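Participant: Fold the following and give me the result.
(2 chains)
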Amino acid sequence: MVDLRGARRLHAIGERAITEAVSRGAAFVEAEHVLLAILEGASHDRFAAALELERARSLAVVGITAADRLDATPRRGKPGWGASVRDLMKAEKPATTVELATAILRAELGTVPRALAIARIEPAELVSAVRRTAPDATTA
Amino acid sequence: MTAQPLDPIADALAAVVALRVFVDRLEDAEVERALRAGWSWTQVAQALAVTRQAVHKKHLRRLEDAGVDLRRRNG
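Facilitator: Okay, the predicted model is just below:
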């Protein structure tokens, strides 16, 4: 269990991340769901679209191209925290929204950097977007 | 060794990650379809090569929520 309780704001991000994971049928809340929970407006939609491209590309590697046709009632249980989130919280101990987003966007391998590379999104663009919108971002 | 997020090895490993999610969603969708079509829990379990208890535990609550009529299933 990740300790997101230290800051109410991070806890709220965690709750939104769970919603993002459930809506995508994921059994675990991973870093990409936390980033979706942080991003707002156009940045959120752009990253969500990038994740879809990443998923399609990864499944196409093994010849699966019809994944979008799966239609199932979502599971009821709360998804657990995935390794990408647990490792990040343990290693980086982010205390603010910007620190959390920056830590996620620092990853060099995995779903988040793949999605960004496929959609040609610079991590710095998203960090800037979070700095503009996060309630706890400093104006400095 | 320099590893890039979209190199062939990363693509192959990402396929494993995407397949895990895909298999979960596929199971959810196909179990739901079978039960809506009138299959019993036992039949679904046999077809999936798992125990009836396992498939029941994993899917009962969400399918009850979805309004699938499960009360008359004996097996």
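Participant: going forward, measure contacts between C-alpha atoms and count neighbours the same way
Facilitator: Noted.
Participant: Show me which residues of chain B sit near chain A.
Facilitator: Counting by Cα under 8 Å from any Cα of the partner chain, chain B comes close to chain A at B:3-6, B:10-12, B:14-15, B:18-19, B:21-22, B:24-26, B:28-29, B:32, B:59, B:61-63, B:66.
Participant: switch the cut-off to 6 Å
Facilitator: B:5, B:14-15, B:28-29, B:62 (Cα under 6 Å from any Cα of the partner chain).
Participant: just the residues you listed: which has the poorest pLDDT?
Facilitator: pLDDT across the residues of chain B next to chain A is lowest for B:Arg62, at 89.
Participant: what residues are up against that residue?
Facilitator: Applying Cα atoms under 6 Å, 6 or more residues apart in numbering or on different chains, we find B:Arg62 in contact with A:75-76.
Participant: and it, what element?
Facilitator: Taking DSSP states H and E as the criterion, B:Arg62 maps to helix B:52-65.
Participant: Could you export that helix as PDB, CA atoms only?
Facilitator: Taking C-alpha atoms only, helix B:52-65 is exported to PDB below (Å, rounded to 0.1, in the frame of the first residue of the first chain):
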ATOM      1  CA  ARG B  52     -16.100 -23.200 -10.400                       C
ATOM      2  CA  GLN B  53     -15.200 -21.500  -7.100                       C
ATOM      3  CA  ALA B  54     -12.500 -19.500  -8.800                       C
ATOM      4  CA  VAL B  55     -14.700 -18.200 -11.600                       C
ATOM      5  CA  HIS B  56     -17.500 -17.500  -9.300                       C
ATOM      6  CA  LYS B  57     -15.400 -15.500  -6.900                       C
ATOM      7  CA  LYS B  58     -13.900 -13.500  -9.700                       C
ATOM      8  CA  HIS B  59     -17.000 -12.600 -11.600                       C
ATOM      9  CA  LEU B  60     -20.100 -13.000  -9.500                       C
ATOM     10  CA  ARG B  61     -20.400  -9.500  -8.100                       C
ATOM     11  CA  ARG B  62     -19.800  -7.500 -11.200                       C
ATOM     12  CA  LEU B  63     -22.200  -9.700 -13.200                       C
ATOM     13  CA  GLU B  64     -24.900  -9.300 -10.500                       C
ATOM     14  CA  ASP B  65     -24.300  -5.600 -10.800                       C
END
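Participant: Pull out the buried positions in it.
Facilitator: Across helix B:52-65, burial judged by 16 or more other Cα atoms under 10 Å in any protein chain shown covers B:52, B:55, B:59-60, B:62-63.
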